[in-house]
Structures are given as structure tokens and as C-alpha cells.
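1. Quick one: sequence plus predicted model below, questions after.
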Amino acid sequence: MDLQEAKYKFIQEWGVLGSSWGINRAMAQIHACLLLSPDSKTTDEVMEELKISRGNANMNMRALIDWGLVFKEFKPGERKEYFYAEKDLWTVMKQIAKERRKREIVPIRDVLAEVSEADLDNTAEGKEFKKVTKDIDSIISKFDGLIEMASKSDQNWFLKMLSKLVK
């Protein structure tokens, strides 16, 4: 397998993986393309490499910037914008966890807090509702704490703690 085949295979698989962390395939493929590049790239270069439209490239590039995974670079004497990806994969992982927390955990915790204040009747259904939502909140709260701890820690500390938990 030559370099081009290997890059293509990696970019395709990173695109599939992206849907697991809450982003679309094209967004993940753009991230992979920039991640593998030793130099920053223009939107045109990304479009050509991935065979995607300008609109798709621009929209997903902006989303990657919003996620804190891609950054814009201006080169002196150049009118085009250049983009590069964060190369430290620990930072990438923490950023993805932070964004997923903001998009997934915070909204459900807000809903759980709101429904916990509901005036429920004392029926079996009301009791079950309280029990289930309290259990969900307990689990999500622990998971949220783990994400918060990981996002504030360095890689070595977190991996040591994780290995202790697994043993």
C-alpha cells in the first residue's frame, strides 16, 4: 500500500469514526485531511483532495473551527485562508469530549433538573418517573464528572487513573 492509498483509507475510516463523536462524515474527513498534512491547506486544496463542494468544505471547516479542532492561518502576501488541525491527539480528545458534553450532557441535565421539579402525583407511574430520572441523572452526573476531570488533566495522569480503574 502506498502513501496515497494509506491516506485515503485513513481519511475514509476517520470519517466513519466521526459519526461516533457527533460530527458528520465530511467534517471528520476534512479533519483527517488536515491532521495528516504537514502544512496548512486552503479550502481549495481540501476540496480537491476530498472531492467535495465548496459549500460543504466551507460549512464543515467553520464547524471544525467552532469545535476547536481546526485553526485559521494567514500567510503574509497571501489572500487565501489556510487551515491546520490541532496535532496533539490528547488535546483533540479533550476538545471532542468538551464539545460533546456541551451538546449532549448539558441539555439532558437541564431537562432532568427541570422535570425533577415537576409536581408529580403519587401514583406508580409518578414514582417510576422519579426513580428513573433520578437514576439517569446520577449516571450522567458521574460521567460528566469524569469528562470534566479528563478535560482538566494531563494525559499521563488520566491514563494512570484509568489504568487503576480497569485493574
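-> Received it, and whenever you're ready, just let me know what you need.
2. Distance from stretch 145-158 to the middle of the chain?
-> 16 Å (Cα atoms, centre = their mean, to the nearest Å).
3. likewise stretch 56-73?
-> Counting by Cα atoms, centre = their mean, stretch 56-73 comes out at 12 Å from the chain centroid.
4. report the longest helix in this protein, please.
-> Counting residues, the longest helix found in the chain (DSSP state H) is helix 124-152.
5. So which other helices or strands are in contact with that helix?
-> Where contact means 3 or more Cβ pairs under 8 Å, 6 or more residues apart in numbering; DSSP states H and E, helix 124-152 is packed against helix 89-100, helix 106-116, helix 155-166. C-beta coordinates here come from the backbone N, C-alpha and C atoms, glycine included.
6. got the angle between the first one and helix 124-152?
-> Okay, so that is helix 89-100. Orientation of helix 89-100 against helix 124-152 (axes from the mean of the first three to the mean of the last three Cα atoms, to 10 degrees) gives an angle of 150 degrees.
7. next one: the shortest one
-> Angle of helix 106-116 versus helix 124-152, following the same axes, to 10 degrees, is 150 degrees.
8. Below-threshold pLDDT in this structure: ranges please.
-> In the predicted model of the chain, residues 155-167 satisfy pLDDT under 70.
9. which other residues reach stretch 62-72?
-> Residues outside stretch 62-72 that contact it (Cβ atoms under 8 Å, 6 or more residues apart in numbering): 23, 27, 30-31, 34, 61, 81-86, 92, 95-96, 98-99.
10. From those, list just the buried residues.
-> Among the contacts of stretch 62-72, those buried by neighbour count (16 or more other Cβ atoms under 10 Å) are 23, 27, 30-31, 34, 61, 82-86, 92, 95-96, 98-99.
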